[in-house]
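# Quick one: sequence plus predicted model below, questions after.
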Amino acid sequence: MKAILALLTVSLASLFANFAVAADGASGVALKLLATNLTGPTVLGDYDGKRVLLAEQVGPLHLMTPDGQLKPFGDLSAKLAVNLGKFDERGVLGVAMHPKFAQNRKLYICYSVPLRASAPTNWNHTMNIAEFAAKGDTLDVASERVLLQIDRPYFNHNGGRIAFGPDGFLYIGSGDGGHKNDINKDDKDQARGPRGNAQDLNTLLGKILRIDVDQPAAGKPYGIPRDNPFVKGGGRPEIYAWGIRNPWSLTFDRAGQRELFEGDIGQNRWEEINIIVKGGNYGWNLKEGEEWFNPKGENKPLEKPYFDPGNVQFIAPVITYENLASAPQTGKGKSVTGGYVYRGKALPQLAGKYVFADWSKNMGVAQGVLYTAARGGDGKWTMNDLALASHTSGHIGAFVWAFGEDKEGELYVLTNQTGALGTKGGKVWKLVKAGQ
Ligand SMILES: [Ca+2]
């Protein structure tokens, strides 16, 4: 009976929540459907000012016109380690065009391949960050130059989003190695040391990395920017920031202070958006949100850190929301899908706001929710539902896989109709003015 009452309470609450959204659907923002028949679309970004490059997690890459017409650009399917038909966090995870792509035709792709021979044999796969050239308007797969390989103990928490900064360097989000809590699953898995990967400066897992693709060091495929934090020792020289769990978005604000926003998927209690700065420690797995994380009991935060981190300044997230896994009544979702600061022209009501989403409230049901966050005069961010005028409930009714941005700064939402990679239910939507 108690369970039935609880269920009833939840469904009534969600009913009222939907009413509230519908009544308040004055965002003036709608979604325009541009492309369908995709599988887990992960990346969308400017290609040549006229078209965008669109990647599917399972391998195909396309060029897309403003009216949603797709033309094949390339296909990495044959190289990938990815499970079709299942929930998977591997595949094509990030694409970044070289800042001088129009001249040099170089682009960078982060994707998952079968475990390389030099990796621990019980690990899961290897993540490649590779340079490719475009030949005409197609990906020249044979031109590949692998820059960096990161071995991964589990299939999950890869991150894999990449972006060029205003400094011309390539930034790479690398998740903590997976399983959960950033601790070893058992004595045999040896996926990390006793203090996890994200706080361990001798591994590239659980970090934001920064490399120079244009000026390789002698005998190396890439260079290390000379002001990276550990260029003189103390940690891996590629590390730019650390204490990261699962960075599912890594985007620079194209205006303002050109800040680097990162969506960090939480464990059971808090989803986070961080503004990444050089040398910043973002807390994981000592902290989740602003609490001391308990790696042996993810729903029960600790009074103090589980090991003494010494004199460390942790950088708190700018936006957090509770995870339904530990807060079934008050939580907003399960997994943050980071987005972009809106700098387009079509939607002035979003100007300067960070647009993002929760992936879905339910692993099995398509209940993603779009959010915006605005920075107040005191520097604090406030998060709000982005009610969609195009959708009766105000909600998208899909799993929100990722966001994309075109040359004009207009934003796109990439969705999948299930949580798995088995169907062609993936779609591309554009954020547009309601009524158009
Ligand atoms: Ca954090």
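Happy to help now that I have it.
# Would you mind listing what in this structure touches the ion?
282-283 (Cβ under 5 Å from the ion). In short, each C-beta sits where N, CA and C put it, glycine included.
# can you give me the helices in the chain?
2-23, 101-104 (DSSP state H).
# Quick check, central residue of this structure?
Most central in the chain under Cα atoms, centre = their mean is residue 248, positioned 1.5 Å from the mean C-alpha point.
# partner strands of the longest strand along the chain, parallel or antiparallel?
The longest strand of the chain (DSSP state E) is strand 138-152. Strand 138-152 pairs in its sheet with strand 125-135 (antiparallel), by DSSP bridges.
# got the buried residues for the partner strand?
125-134 (16 or more other Cβ atoms under 10 Å).
# again with stretch 167-176
169-176.
# okay, now residue 69: neighbour count?
12 (other Cβ atoms under 10 Å).
# and the helices of the chain, which one's lowest on average pLDDT?
Comparing mean pLDDT across the helices of the chain, the weakest is helix 2-23, with a mean of 41.
# Now do the same contact list for residue 316.
Each residue near residue 316 by Cβ atoms under 8 Å, 6 or more residues apart in numbering is listed here: 283, 290.
# next one: residue 138
72-74.
# and these, which are buried?
73-74.
# Take the contacts of residue 138 and keep only those in strands.
Using DSSP E, these in strands are 72-74.
# Name the nearest residue to the residue in the stretch 1-150 of the chain positioned nearest to the ion, sequence neighbours excluded.
Proximity of the stretch 1-150 of the chain to the ion (Cβ to the ion) peaks at residue 89, 18.9 Å away. Excluding the flanking residues, the one nearest residue 89 by Cβ to Cβ, 6 or more residues apart in numbering is residue 156, at 4.5 Å.
# ok, and for stretch 213-223, which residues are buried?
For stretch 213-223, the neighbour count (16+ other Cβ under 10 Å) marks 213, 221-223 as buried.
# pull the CA atoms of it into CSV?
Only the C-alpha atoms of stretch 213-223 are listed here, as CSV (Å, rounded to 0.1, in the frame of the first residue of the first chain):
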residue,chain,number,x,y,z
VAL,A,213,48.4,19.6,-32.5
ASP,A,214,50.4,22.1,-34.6
GLN,A,215,53.8,22.0,-33.0
PRO,A,216,54.7,18.4,-32.1
ALA,A,217,57.6,17.9,-29.6
ALA,A,218,60.6,16.1,-31.1
GLY,A,219,59.6,12.5,-31.9
LYS,A,220,56.0,13.0,-30.6
PRO,A,221,52.8,13.3,-32.4
TYR,A,222,51.8,16.4,-30.5
GLY,A,223,53.3,19.1,-28.3
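# Burial check on residue 297, number of neighbours?
Count around residue 297 with other Cβ under 10 Å applied: 11.
# cool, and residue 232?
Counted with other Cβ under 10 Å, residue 232 comes out at 8.
# and the gap between it and the ion?
Per Cβ to the ion, to the nearest Å, residue 232 is found 26 Å from the ion.
# Could you do residue 352 as well?
Residue 352 sits at a distance of 23 Å from the ion (criterion: Cβ to the ion).
# Same question for residue 423.
Per Cβ to the ion, residue 423 is found 33 Å from the ion.
# doesn't residue 109 make contact with residue 130?
Yes: applying Cβ atoms under 8 Å, one finds residue 130 in contact with residue 109, separated by 5.8 Å.
# Report the buried residues of the longest strand of the chain.
Neighbour-count burial for strand 138-152, with 16+ other Cβ under 10 Å as criterion, is recorded at 139, 144, 147-152.
# so which two of the residues you listed are the farthest from each other?
139 and 151 (24.9 Å; Cβ to Cβ).
# quick one: contacts for residue 372?
By Cβ under 8 Å, 6+ apart, the neighbours of residue 372 are 350, 353-356, 383-384, 386.
# and it, what are its bridge partners?
Beta bridges link residue 372 to residue 355, residue 384, judged by DSSP bridges.
# shaky segments in the protein?
Where the chain drops to pLDDT under 70, the residues are 1-25.
# What's the local residue count around the nearest residue to residue 386 once chain neighbours are set aside?
Take residue 386 and drop its neighbours on the chain: the residue closest to it by Cβ to Cβ, 6+ apart is residue 370, 4.1 Å away. Residues contacting residue 370 under the criterion other Cβ under 10 Å number 26.
# quick one: residue 370 from residue 217, how far?
Residue 370 sits 42 Å away from residue 217, taking Cβ to Cβ, to the nearest Å as the criterion.
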